[in-house]
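Student: quick check, what structure comes out for this input:
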Amino acid sequence: MLRTVWFWIVTVPATAFFSAVSILGGLVRAPASLHDWVHRNWGRTELWAAGVRTTVTGLEHVSHTAPQIFVANHQSIFDIFAILAYVPASVRFVAKKELGRIPIFSLAMRTAGHIFIDRQDRRGATEAMRRAGIRMKRYRLSLGLFPEGTRSQTGQLGDFKRGTFALAIETRVPIVPLAVDGGYRVSTRGRIRASRMVVQLSKPIATEGKTLDDRDEVLSVVRADICRMLEAGRAPASNE
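Tutor: Next comes the predicted model:
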């Protein structure tokens, strides 16, 4: 209980502060590096407040000069914190529309280049994904996607939706499989528990020369890679 209270004591002012920095940066047309600084430090603050200890491997697969699509499994919001904190790239996310209703925070997300989608509006979601692809290439941003479409409450890997892979093939941007484990133990039914998380990245998968007919094949390869990393590097339970 004390950990949960402490987390929110830190989270509310920290999120307000970092949101304000992003919004002000947008007003003066600051470079993407400012938003990257915000993301990195906000993510690390959230992980610190929750008592999360993070192990990261495979950073050699991150490009510092070209856009990539980071395709990850999803267990909790702490997956996002861990990716923002430790993946050294200009990562932007496609987020559910509900987050777009949070005052100040949603404006900060839009200013930084994140995109909201309504998953119930299939045509609108497809168009939003295409806009994300255009913005990614225009501004040399990388994209973070969670193809499960929902969070796993048990840590087990779910089925992947095909839209993520259609976007990657259309934009011809390499996919970096990313496995995040342990987040489901950190946040359970609103309670925060200190724990460990493991972030692993593997070799990029080229989409150049692929067509939409290859979508299922690419999906299978990426999912198998993430499954392999999860099994090989399962985060141990907390001793706290």
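Student: now do stretch 47-64, average pLDDT.
Tutor: Along stretch 47-64, the predicted confidence averages to a pLDDT of 96.
Student: can you give me the buried ones in that stretch?
Tutor: When burial is assessed from 16 or more other CB atoms under 10 Å, stretch 47-64 yields the following buried residues: 47, 49, 50, 51, 52, 54, 56, 58, 61, 62. For glycine as for every other residue, the C-beta is placed from the backbone atoms N, C-alpha and C.
Student: contact partners for residue 219?
Tutor: Applying CB atoms under 8 Å, 6 or more residues apart in numbering, we find residue 219 in contact with 147, 160, 162, 164, 165.
Student: now the helices: where do they sit in this structure?
Tutor: Taking DSSP state H to define them, one finds helices in the chain at 2-27, 32-50, 77-86, 105-112, 122-138, 163-171, 183-186, 215-232.
Student: outside of the second one, which residues touch it?
Tutor: It refers to helix 32-50. Outside helix 32-50, the residues that reach it (CB under 8 Å, 6+ apart) are 3, 6-7, 9-11, 14-15, 18, 21-22, 25, 54, 78, 80-86, 90-91, 108, 111-113, 139-141, 186-187, 192-194, 197.
Student: re earlier: tell me the most buried of the helices of the chain?
Tutor: Most buried of the helices of the chain, by mean neighbour count (mean count of other CB atoms under 10 Å): helix 183-186, with a mean of 24.
Student: list the helices and strands that helix packs on?
Tutor: Judged by 3 or more CB pairs under 8 Å, 6 or more residues apart in numbering; DSSP states H and E, the packing partners of helix 183-186 are helix 77-86.
Student: if I take the helix it packs on and helix 32-50, what angle do their directions form?
Tutor: Between the axis of helix 77-86 and that of helix 32-50 there is an angle of 130 degrees, by axes from the mean of the first three to the mean of the last three CA atoms, to 10 degrees.
Student: hmm, which helix or strand of this structure has the shakiest average pLDDT?
Tutor: Taking mean pLDDT, DSSP states H and E as the measure, the helices and strands of the chain show their lowest mean at helix 122-138, namely a mean of 77.
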